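**Student:** Sequence and predicted structure below; questions after.
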Amino acid sequence: MNVDGRNGDGTSPLDDLDALEQARETLRDRARQVLGVSGAGAADLPPLAEGIARSGVGWYPLAALSLLIVVDQFQTWGFAILGPEVSRALGVGKGTLAFLVLLKTLSVMVASLPMAAFVQHRTRRALVAKVTAFGWAIATLCSAFVINVWGLLVVLVADGASTGSVEAVHRPLLVDSYPPEVRVRVLSVYRAAFAAGTVIAPLLVGLITVVAGFTWRGVFVVMGIMCIAAAIVAVRLRDPGFGRWDTDRVRAAVRDASPDQGEELAQRDVELGFFEIVRRLLLIPTIRRILAAWAVLGMMIFPLYTFLFFFLDERWNLGPGGRSLLMAGVWAVAIPVLFVFGRRGEAMFREDPAKVIQTATRSLVVFVIALVVAVTSPFFVVMVVGFTGVFAVAALLQPALNIVMLSIIPPEMRSHASALAGIFLAGVGGIGGVLLLSGVDRRFGIAGAIASVAVPGLIAALIMRTAARTVNDDLDRMIDEIVEREEIQILEAQGRHLPMLACRRIDFSYGQLQVLFDVDFTVDDGEMVALLGTNGAGKSTLLRVISGLGLPTRGSVNFRGQDITYLDAERRLGLGVTQIPGGRATFGPLTVVENLRIYGFSLPRRDRDVSQGIEATFEAFPRLYERRDQLASTLSGGEQQMLALGKAFILEPRLLLIDELSLGLAPKVVSELLEMVRRINAGGTAVVLVEQSVNIALSLVDHAYFMEKGEIRFDGRAVELLDRRDLLRSVFLEGASKGLA
């Protein structure tokens, strides 16, 4: 057994990182400043122009993307206002037209996630933004030439699919283009451009139809040309890369803190796949809460738009022109509100990110009050003022929640988070709200239907309030992950030895029940380690975290210097991590040979390699050879464990995790199995053996861990465990420990 990797006192080489803990506090403070969270307020807030100049890219990315978000709304508003004319010209009913618009919304959601996947490993966000801009420009232009419902379907879905880039790449591109001290203002300007588009689009439709006298087809020709011009303006967009202003600078601060970090460090962690990133995001408490808030807000906002125009028609007798002017007016007021919020929100974020969410929460309460006032007031002016407040608050929610969401996650995951936010808002919330509230107007009247959306508003406020309690912890957790990865690579560059497997500060929960608490666990190359403890201590759960069957809520798992914390289990298998679960880990309906061949399908191995592995298994366990054509379910418990161990001979893992090898087996069978475990370990495979039996464990290993109630209570040489009678008593459940005396 090779234990050369451990220090003389039995501690792990990864304890070198603990020596940096005090320095890490300083690094965390420095990292928060880099990320724009300096603890200061508005006093030292740099002017927006100064921050824009420091970016090195100037105003162009903000101006280009803002222009794109303006023209992106042209087709939507064109069909909203000119729907009756389009319906009569094409012979399409109102229900069919509404269904086609819904399909467009669905296409926006469906397209955003593939776009996020396309840009996750390479900086292609600017390319996506430019290509899709031409996509919706052409779709808008082609809207003028449709002659039937199928042509209408194509242009609407094409416009929606290309608009997916607005959700997936626009905001992440802005966040990475500009330094943290101006990001809230940049996002507020971008959101103000959306508000401006909401003002410009309906006015443009009215201008083209009333003043110029164009038909609905002429409107789309003019709008399409304007969209193409905006897309041409944006052709010089460039992707600045992931984390240029934040994570890259945090890593540089860590390197500066190390006096001898060796050569320039290369990031060599295993890249997460698309679904691994999505799953990782959903493990972050603040992200979960913000996405839930977006879903509830969607249940509020989309039905509000549906009911509002009917309310203005039935209650105030406003025609299409009056409704368009009212919407343009209330959104026009939202523009200066956003500019005011940009500076105040920037100051709040610098002082404490939680304050941004708290402000958004209070704003939602204002939203609800303004909404109730607007629908109950008998005075037209009061109604207008009420809805002005409603849409002003709705406008500032976007930059407030987005800056928090995009600041607490790694830069390469920002497109995924932004796309998810759009899906939860329009898909989960929007469609769900329309379905749930579709009959409210018939029961309570149109005013009651609008007032009913105040309920989701209050629920969203309560959800956002809980997010304010977790945001700083999640920000610090991201910083700690960056700092630890850089520290590990520095130690490697310095030639320091690090263990093959290193679990650091692992927390794990099943739902609301936390099972693991701040667990540190290491295994070196070729080492055999025992993991001891009573039932329910968390041993099997820790193995699940190592093998990828369970993802931690906190902490990291590093394997051979690579971060695999959120890697899927099958990808860890390819790296050399294999687990044999407790009990009978076989496929009962298959024969012995078929079970062994199934193991070979886990990896792209040649038939000759699998055959050699099967021969090695039969050589180690002659009884399996005698029963090679029997169903696994007919084997004895010991024979099934032998068959499970055959996985190691076929896959040849670097790390083998064995859960309860001796469970329910006779001593003679256990002895045979232990001999095979020694043989596997002698071949260079590191082994983690989970056992309740101290006698079995200590006969095999030199290093042991003892777990109790989800915590590591002992970590050291196995012989030292014999001196810990308090732990032995727990393992043996009282009296059994006396047999060791």
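**Tutor:** Happy to help now that I have it.

**Student:** Mind checking which residue lies nearest the centre of this structure?
**Tutor:** residue 281 (1.8 Å; Cα atoms, centre = their mean).

**Student:** Just list the residues touching that residue, thanks.
**Tutor:** Neighbouring residues of residue 281 by Cβ atoms under 8 Å, 6 or more residues apart in numbering: 287, 409, 413, 416-417, 420. Placement of C-beta: from N, CA and C, glycine included.

**Student:** For the stretch 351-500 of the chain, which segments count as helices?
**Tutor:** 353-376, 380-407, 414-422, 432-437, 440-452, 454-493 (DSSP state H, counting those that start in this stretch).

**Student:** what's the angle from the last one to helix 353-376?
**Tutor:** Relative orientation of helix 454-493 with respect to helix 353-376: 160 degrees, computed using axes from the mean of the first three to the mean of the last three Cα atoms, to 10 degrees.

**Student:** what's the answer for the second one, then?
**Tutor:** Helix 380-407 and helix 353-376 meet at an angle of 160 degrees, taking the same axes, to 10 degrees as the criterion.

**Student:** Domain map for this structure?
**Tutor:** According to automatic domain parsing, the chain comprises the domains 35-255+281-478, 501-740.

**Student:** that older thread, name the helix or strand for the residue nearest to the centre of the chain, please.
**Tutor:** Using DSSP states H and E, residue 281 falls within helix 274-282.

**Student:** Next secondary structure after that helix?
**Tutor:** helix 285-316.

**Student:** Quick check: buried residues in that next one?
**Tutor:** For helix 285-316, burial by neighbour count (16 or more other Cβ atoms under 10 Å) applies to 285-304, 306-309, 311-312, 315.

**Student:** what's the answer for stretch 271-280, then?
**Tutor:** 272-273, 276-278, 280.

**Student:** Over to stretch 423-435?
**Tutor:** 423-434.

**Student:** So which of those is the closest to residue 172?
**Tutor:** Nearest to residue 172 among those is residue 423, at 15.2 Å by Cβ to Cβ.

**Student:** Skipping adjacent residues, who's closest to that closest one in space?
**Tutor:** residue 109 (4.7 Å; Cβ to Cβ, 6 or more residues apart in numbering).

**Student:** can you tell me the helix or strand for that neighbour?
**Tutor:** helix 94-118.

**Student:** who touches that helix?
**Tutor:** 79, 83, 86-87, 92, 124, 128, 132, 149, 152-153, 156-157, 159-165, 167-169, 274, 415-416, 418-420, 422-423, 426-427, 430-431.

**Student:** mind redoing it with 7 Å?
**Tutor:** If you take Cβ atoms under 7 Å, 6 or more residues apart in numbering as the criterion, helix 94-118 is touched by 79, 83, 87, 124, 128, 149, 152-153, 156-157, 159-161, 163-165, 167-169, 274, 415-416, 419, 422-423, 426-427, 430.

**Student:** Can you turn the buried part of the residues you listed into a PyMOL selection?
**Tutor:** Per 16+ other Cβ under 10 Å, the buried members of the contacts of helix 94-118 correspond to this PyMOL selection:
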select buried, resi 79+83+87+128+152+153+156+157+159+160+161+163+164+165+167+168+169+415+416+419+422+423+426+427+430
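
**Student:** Take the contacts of helix 94-118 and keep only those in strands.
**Tutor:** Among these, the subset assigned to strands under DSSP state E is empty.

**Student:** same for the helix or strand hosting residue 252, what does it pack against?
**Tutor:** Residue 252 belongs to helix 247-257 when assigned by DSSP H and E. Packed against helix 247-257 by the contact rule (3 or more Cβ pairs under 7 Å, 6 or more residues apart in numbering; DSSP states H and E) you find helix 21-34, helix 454-493.

**Student:** Buried residues of that helix, list them for me.
**Tutor:** 247, 249-251, 253-255, 257.

**Student:** Among these, find the lowest-pLDDT one for me.
**Tutor:** When the buried residues of helix 247-257 are compared by pLDDT, residue 257 scores lowest at 68.

**Student:** show me the contacts for the closest residue to residue 484 other than its chain neighbours.
**Tutor:** Excluding the flanking residues, the one nearest residue 484 by Cβ to Cβ, 6+ apart is residue 556, at 6.3 Å. When contacts are counted by Cβ under 7 Å, 6+ apart, residue 556 touches 481, 484, 504, 563, 565.

**Student:** How many residues are close by the closest residue to residue 135 other than its chain neighbours?
**Tutor:** Nearest non-adjacent residue to residue 135, counting by Cβ to Cβ, 6+ apart: residue 162, 3.3 Å away. Residue 162 sits with 25 neighbouring residues when counted by other Cβ atoms under 10 Å.

**Student:** what do you get for the one 4 residues further on?
**Tutor:** By the criterion of other Cβ under 10 Å, residue 166 has 24 neighbours.

**Student:** if I look at it, how far off is residue 160?
**Tutor:** Applying Cβ to Cβ, to the nearest Å, the value for residue 166 to residue 160 is 11 Å.

**Student:** what's near enough to touch the residue lying closest to residue 709 once chain neighbours are set aside?
**Tutor:** Once flanking residues are discounted, residue 709 sits nearest to residue 537: 6.6 Å by Cβ to Cβ, 6+ apart. Contacts of residue 537 were listed using Cβ under 7 Å, 6+ apart, and they are 707-709.

**Student:** Which strand residues bridge residue 506?
**Tutor:** Per DSSP bridges, the residues bridged to residue 506 are residue 519.

**Student:** Am I right that residue 530 is in a strand?
**Tutor:** Yes: judged by DSSP: H, G, I helix; E, B strand; the rest coil, residue 530 forms part of a strand.

**Student:** which SSE is the closest residue to it other than its chain neighbours in?
**Tutor:** Distances taken as Cβ to Cβ, 6+ apart place residue 697 nearest to residue 530, at 3.8 Å, with adjacent residues excluded. In this structure, residue 697 sits in helix 694-698 according to DSSP H and E.

**Student:** Any idea how far that helix is from the middle of the chain?
**Tutor:** Taking Cα atoms, centre = their mean, to the nearest Å, the mean C-alpha location of helix 694-698 is offset from the chain mean by 42 Å.

**Student:** In it, which residues are buried?
**Tutor:** Buried residues in helix 694-698 (16+ other Cβ under 10 Å): 694, 696-698.

**Student:** Run through the neighbouring helices and strands of that helix.
**Tutor:** strand 528-532, helix 725-732.

**Student:** Grab the CA positions of it and hand them over as CSV.
**Tutor:** In CSV, the C-alpha atoms belonging to helix 694-698 read as follows (Å, rounded to 0.1, in the frame of the first residue of the first chain):
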residue,chain,number,x,y,z
VAL,A,694,-13.5,-2.3,12.4
ASN,A,695,-11.8,-5.7,12.4
ILE,A,696,-12.2,-6.0,8.6
ALA,A,697,-11.3,-2.4,7.9
LEU,A,698,-8.2,-2.3,10.1
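
**Student:** how would you label residue 239: helix, strand or coil?
**Tutor:** The three-state label given to residue 239 by three-state DSSP is coil.

**Student:** how about residue 426, what does it touch?
**Tutor:** Neighbours of residue 426 in contact, by Cβ under 7 Å, 6+ apart: 105, 108-109, 298.

**Student:** if I look at it, how far off is residue 396?
**Tutor:** Taking Cβ to Cβ, one finds residue 426 at 19 Å from residue 396.

**Student:** Repeat that for residue 639.
**Tutor:** 67 Å.

**Student:** can you check residue 139 too?
**Tutor:** Taken as Cβ to Cβ, the span from residue 139 to residue 396 is 30 Å.

**Student:** Could you single out the nearest of the buried residues of helix 694-698 to residue 577?
**Tutor:** When the buried residues of helix 694-698 are compared against residue 577 (criterion: Cβ to Cβ), the nearest one is residue 697, at 20.8 Å.
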